[in-house]
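A.B. asks: My questions concern the predicted model and sequence given below.
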Amino acid sequence: MNAAVICRVMLVDDHPLFREGLKSVIAAGSGFEVTAEAGGGEECLQMLAENEADLVITDISMPGMDGASLVAEVKKRWPATGVMVVSMYTDMNHITASFRAGADAYLAKESAAERLLEGMRLVAAGEKYIDPTLSSVLAEEFARGGRDAAGGYDLLTRREQQIMRLLAEGIDVGEIAARCFISPKTVENHRTSIMKKLGLKKEAQLVRYAARIGLIDMDLWR
């Protein structure tokens with residue numbers, strides 16, 4: 001690695017074109033080098049096990065392992081590695097889920113070209129960062145006294161949140177079990193718990209709920 005480079009960056013996003021855009025922004029700055037790219041959480045963890053990075057920049061919604069679960073796993077295995085979430089979702093649920101998982105920064109994708117380097121420098125310096133354009137979201141949350149618009153979503157464990165998103169995407173129990181390395185019976189137990197915590201009776205209600213809080217894109221179902 002070049003002696004001038006002080007921070008090794010891994011990009012994690014299932015859209016190659018967006019990764020290319022991030023690389024262009026990073027290349028325009030100094031002190032950072034993109035040393036690895038991954039299309040999802042599982043690939044990211046495999047690559048980090050072979051070549052650690054100083055900073056991981058990840059999307060929050062990806063096939064397979066979701067961003068929040070990836071953040072938590074990275075922080076568990078490599079606590080010194082900074083993690084920045086860059087997402088199209090700007091609602092309080094995704095922001096709080098990311099920071100609770102251990103993220104050091106949260107940035108809206110539409111702000112990446114303008115604010116990415118600013119956030120990266122702060123995270124590299126050991127500080128936290130949140131996109132200034134999200135201040136209105138935070139203000140509204142405080143005005144509600146911290147009551148989350150998603151209701152019981154925060155009551156779910158990280159595993160339940162992961163399984164909920166996969167269920168809402170229409171993925172069957174067997175495939176979810178394979179992706180999460182658990183048994184189909186365990187998936188069924190999680191589904192029962194999720195439905196109970198959210199006060200839902202049918203799968204269709206789960207899909208609508210997930211769309212309402214921004215976990216899935218309902219256009220995919222049309």
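C.D. replies: Yep, it's here.

A.B. asks: The nearest residue to residue 134 once chain neighbours are set aside: what secondary structure?
C.D. replies: Nearest residue to residue 134 in three dimensions, chain neighbours excluded: residue 90, at 5.7 Å (C-beta to C-beta, 6 or more residues apart in numbering). C-betas here are computed from N, CA, C, even on glycine. Three-state assignment for residue 90 (DSSP: H, G, I helix; E, B strand; the rest coil): coil.

A.B. asks: what's around residue 90, how many residues?
C.D. replies: By other C-beta atoms under 10 Å, 19 other residues sit near residue 90.

A.B. asks: That one: what's it in contact with?
C.D. replies: 108, 131, 133-134, 137 (C-beta atoms under 8 Å, 6 or more residues apart in numbering).

A.B. asks: Mean pLDDT per helix and strand in the chain: which one sits at the bottom?
C.D. replies: helix 135-143 (a mean of 59; mean pLDDT, DSSP states H and E).

A.B. asks: Can you name the next helix or strand after that helix?
C.D. replies: As assigned by DSSP states H and E, the chain's next helix or strand after helix 135-143 is helix 158-168.

A.B. asks: export the helix or strand following that following helix as PDB, just CAs?
C.D. replies: Helices and strands here follow DSSP H and E; after helix 158-168, the next one along the chain is helix 173-180. Coordinates of the C-alpha atoms in helix 173-180 are reproduced here as PDB (Å, rounded to 0.1, in the frame of the first residue of the first chain):
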ATOM      1  CA  VAL A 173     -38.800 -20.700   4.700                       C
ATOM      2  CA  GLY A 174     -36.300 -23.300   3.300                       C
ATOM      3  CA  GLU A 175     -34.300 -20.600   1.500                       C
ATOM      4  CA  ILE A 176     -34.300 -18.300   4.500                       C
ATOM      5  CA  ALA A 177     -33.000 -21.200   6.700                       C
ATOM      6  CA  ALA A 178     -30.200 -21.800   4.200                       C
ATOM      7  CA  ARG A 179     -29.200 -18.200   4.100                       C
ATOM      8  CA  CYS A 180     -29.200 -17.700   7.800                       C
END
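
A.B. asks: For the helix or strand where residue 20 lies, name the packing helices and strands.
C.D. replies: Element membership for residue 20 (DSSP H and E) is helix 16-27. In terms of contacts (3 or more C-beta pairs under 8 Å, 6 or more residues apart in numbering; DSSP states H and E), helix 16-27 is packed against strand 7-12, strand 32-38, helix 112-124.

A.B. asks: any idea which of these is most buried?
C.D. replies: Most buried of the helices and strands packed on helix 16-27, by mean neighbour count (mean count of other C-beta atoms under 10 Å): strand 7-12, with a mean of 23.

A.B. asks: Return the list of strands paired to that one, each annotated with direction.
C.D. replies: Within its sheet, strand 7-12 is paired with strand 32-38 (parallel), strand 55-58 (parallel), according to DSSP bridges.

A.B. asks: what angle separates the first one from helix 112-124?
C.D. replies: What it means is strand 32-38. Counting by axes from the mean of the first three to the mean of the last three C-alpha atoms, to 10 degrees, strand 32-38 lies at 100 degrees to helix 112-124.
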